[in-house]
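J.: Got a predicted model here, sequence first, then my questions.
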Amino acid sequence: MPGALWIAHVDVTDPEAYGKYAALAGPAIAKHGGHFLARATRYVQLEGPDRPRNVVAQFPSLEAAETCYHSAEYQSALDHARGAAQRELVIVELSE
């Protein structure tokens with residue numbers, strides 16, 4: 001089964017609340033086999049809306065990434081991000 005990437009584009013509007021999200025989200029992602037490939041690193045915006053924080057995490061499978069998103073641990077973290085950022089999140093399965 002191929003792995004998957006969790007790709008988030010974020011514009012943080014409340015750094016304090018979003019910091020609480022980030023502190024809880026990392027362990028939740030790790031618990032589901034995810035690890036960060038890029039987290040708020042340099043980027044070049046070529047198309048679409050600019051979101052100054054971009055995060056890429058790799059998971060062992062699309063299912064593991066989706067399970068992580070719906071997990072109680074991640075949803076608890078996400079409670080801090082709601083209203084603290086504008087964001088898009090997509091899970092993309094890697095090609096074999």
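T.: Right, received. Where do you want to start? Predicted, not measured: the structure shown is a model, and the values here were computed from it.
J.: where in this structure is pLDDT low?
T.: By pLDDT under 70, the low-scoring segments of the chain are 1.
J.: As a check, name the ranges of all helices in it.
T.: Along the chain, counting by DSSP state H, helices occupy 15-31, 62-70, 72-81.
J.: For the ones you listed, could you give me a markdown table that also reports mean neighbour count and distance to P49?
T.: All C-beta spots, glycine's among them, are computed from the backbone N, C-alpha and C. A markdown table is the format used below for those (neighbours: other Cβ atoms under 10 Å; distance: least, Cβ to Cβ, whole Å):
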| stretch | mean neighbour count | distance to P49 |
| --- | --- | --- |
| helix 15-31 | 16 | 18 |
| helix 62-70 | 17 | 21 |
| helix 72-81 | 16 | 17 |
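J.: closest to V55 out of the ones you listed?
T.: Nearest to V55 among the helices of the chain is helix 15-31 (9.1 Å), distances taken as Cβ to Cβ.
J.: got the contact list for that closest one?
T.: The list of residues contacting helix 15-31 from outside it, by Cβ atoms under 8 Å, 6 or more residues apart in numbering, reads 6, 10, 12, 35-36, 57, 68, 71, 73-74, 76-81, 83-85.
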